[in-house]
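# I need the structure of the sequence given here:
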Amino acid sequence: MPAIEPKPKLTLAAVAREAGVSAPTVSKVINGRHDVAEETRSRVMAVLARTGYKSPLQQRRSLTGRQAVEVVLDSLNTAYAIEVLNGVLEAAGESNIEVLLNVTSKQGAPRLSAEQRAARIIDEGRCGMIVVTSAFNEAQLDAFRRRGVPSAVIDPFNPPPGDVVSVGATNWAGGKEATSHLLELGHRRIAYLGGPDGVECNQARLHGYLAAMGASGVTVDGRSIIPGSFRSEHGVEGLKSLLQLERRPTAIFAANDSIALGVLAEARRQGIRVPEDISLVGFDGTYRAEESVPALTSVAQPLQEMGRAALRSILSQMQGEALSSRRVELATHLVIRESTAPPPVTA
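Predicted coordinates:
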């Protein structure tokens with residue numbers, strides 16, 4: 001019986017010959033360089049897809065039997081990030097995918113450009129990238145798209161390009177439900193302590209708040225809307241500012257649980273009782289909301305499911321499947337606990 005000759009190893013030069021270009025041009029396309037004509041890039045990409053060519057580093061990664069997804073987070077110091085990450089890890093475990101963390105706020109972490117980061121992910125054989133609440137702009141995300149790196153953004157600060165998967169929650173509906181709950185209790189002077197101005201999820205929550213107030217015919221005092229950061233320090237300083245108003249609010253809607261917990265801490269220092277003196281609603285529904293004293297009424301986001309959805313979208317993109325939608329919005333729901341009550345009779 002004649003011996004079966006091994007299939008010749010596919011090389012960069014072979015891809016170049018089939019595409020009718022030089023090997024350096026193929027290398028430029030693989031690395032996402034700008035100095036390649038779009039028609040040439042499309043022709044090379046078609047050959048790469050048809051032949052299944054992988055760089056040497058990608059081939060070494062495939063020999064391990066496991067693929068890896070990189071998760072980029074600004075910080076791991078929040079309950080929000082931990083719960084999202086738990087969802088990613090659970091879905092990755094079910095699909096035998098490694099998860100590698102990149103915490104951008106870590107001291108000493110290298111500052112990479114979008115081009116460098118995308119090239120590194122390709123070189124190290126990652127099969128995709130999940131970005132969690134990071135202000136990656138369109139140009140940065142485009143660097144991954146041009147290299148064919150499947151990506152998904154969870155709660156993006158800025159609207160991502162239309163062809164990038166984004167995963168979030170029904171922020172407008174959640175903001176409206178939180179405010180409506182306070183209005184139904186009888187509150188009319190309701191403040192909003194928001195996140196950074198211009199951040200997409202914050203704007204949606206603010207608009208939900210304004211919609212509920214407007215539907216009830218309540219005039220909003222512009223001084224009671226205070227943007228800031230998604231950190232507890234903003235809750236501390238925000239409450240101090242609100243207490244300077246001639247007509248103090250009887251309730252506060254905080255744009256996330258961290259802000260709300262800052263409000264709770266400062267209220268305790270100032271001898272203000274929650275909810276007897278002022279009611280408080282947060283947003284996220286993390287375990288910290290349940291464990292706070294008093295337990296925090298909060299709009300719960302399905303944070304773990306958001307992480308799972310992002311990982312599943314990466315797998316679908318890797319397999320070339322058509323996505324039903326590149327914008328995923330999962331439903332929120334209000335969890336009423338101990339931090340809300342009718343306004344005091346003297347208000």
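# show me where the stretch 1-150 of the chain has its strands.
Assigned strands in the stretch 1-150 of the chain, in chain order: 67-73, 97-103, 126-132 (criterion: DSSP state E, counting those that start in this stretch).
# now render those as a markdown table, adding distance to Met306.
For every residue, glycine as well, the C-beta is placed using N, CA and C. Conversion of the strands of the stretch 1-150 of the chain to a markdown table gives the following (distance: least, C-beta to C-beta, whole Å):
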| stretch | distance to Met306 |
| --- | --- |
| strand 67-73 | 12 |
| strand 97-103 | 15 |
| strand 126-132 | 9 |
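# pick the most deeply packed of these.
Among those, the stretch with the highest mean neighbour count (mean count of other C-beta atoms under 10 Å) is strand 126-132, at a mean of 24.
# distance between that strand and the chain's centre?
Its chain's C-alpha centre and that of strand 126-132 lie 12 Å apart, by C-alpha atoms, centre = their mean, to the nearest Å.
# same deal with stretch 150-157?
When C-alpha coordinates are averaged (C-alpha atoms, centre = their mean), stretch 150-157 and its chain have centres 5 Å apart.
# and it, average pLDDT?
When the per-residue pLDDT values of stretch 150-157 are averaged, the result is 87.
# CA-only coordinates of that stretch in CSV, if you can.
These are the backbone C-alpha positions of stretch 150-157, laid out as CSV (Å, rounded to 0.1, in the frame of the first residue of the first chain):
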residue,chain,number,x,y,z
PRO,A,150,-14.1,39.1,17.4
SER,A,151,-15.0,41.6,20.0
ALA,A,152,-17.9,42.6,22.3
VAL,A,153,-18.3,45.6,24.5
ILE,A,154,-20.3,45.5,27.8
ASP,A,155,-22.0,48.8,28.9
PRO,A,156,-19.8,50.9,26.5
PHE,A,157,-19.1,54.4,27.6
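# who are the contact partners of the nearest residue in space to Gln67 that is not next to it in sequence?
Leaving aside its chain neighbours, Gln67 sits nearest to Cys127 (4.2 Å; criterion: C-beta to C-beta, 6 or more residues apart in numbering). Residues in contact with Cys127 (C-beta atoms under 8 Å, 6 or more residues apart in numbering) are Gln67, Ala68, Val69, Ile97, Pro150, Ile314, Met318.
# repeat for Phe253
With contacts defined as C-beta under 8 Å, 6+ apart, Phe253 is in contact with Gly175, Ala178, Thr179, Leu182, Ile190, Ala191, Tyr192, Leu193, Tyr209, Val281, Phe283.
# adding distance to Gln203 and mean pLDDT, write the strands of the stretch 1-150 of the chain out as TSV.
Output for those, formatted as TSV (distance: least, C-beta to C-beta, whole Å; pLDDT from 0 to 100):
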stretch	distance to Gln203	mean pLDDT
strand 67-73	22	86
strand 97-103	26	85
strand 126-132	19	83
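# what does the helix or strand encompassing Arg308 contact?
Following DSSP states H and E, the helix or strand that holds Arg308 is helix 303-318. If you take C-beta under 8 Å, 6+ apart as the criterion, helix 303-318 is touched by 67, 69, 80, 83-92, 95, 97, 127-130, 150-152, 154-155, 165, 167-169, 284-286, 323, 328, 330.
# how about the helices in the stretch 101-250 of the chain?
Counting by DSSP state H, counting those that start in this stretch, the stretch 101-250 of the chain forms helices over residues 114-123, 138-146, 171-184, 200-215, 232-242, given from the N-terminal end onward.
# output the contacting helices and strands for the fourth one.
Just to be clear, that refers to helix 200-215. Here helix 200-215 is seen to pack against strand 165-169, helix 171-184, strand 190-193 when contacts are counted using 3 or more C-beta pairs under 8 Å, 6 or more residues apart in numbering; DSSP states H and E.
# and for the second one?
Secondary structure elements in contact with helix 138-146, counted by 3+ C-beta pairs under 8 Å, 6+ apart, are helix 114-123, strand 151-154.
# which of those has the lowest mean pLDDT?
The bottom spot among those, by mean pLDDT, belongs to helix 114-123, with a mean of 65.
# can I take it that Val299 is in a helix?
No - with the criterion set as DSSP: H, G, I helix; E, B strand; the rest coil, the secondary structure at Val299 is strand rather than a helix.
# can you tell me how far the residue nearest to it when sequence neighbours are not counted sits from Ser180?
Across the structure, with C-beta to C-beta, 6+ apart as the measure, the residue nearest Val299 apart from its sequence neighbours is Gly174 (4.0 Å). Using C-beta to C-beta, to the nearest Å, one gets 11 Å for the distance from Gly174 to Ser180.
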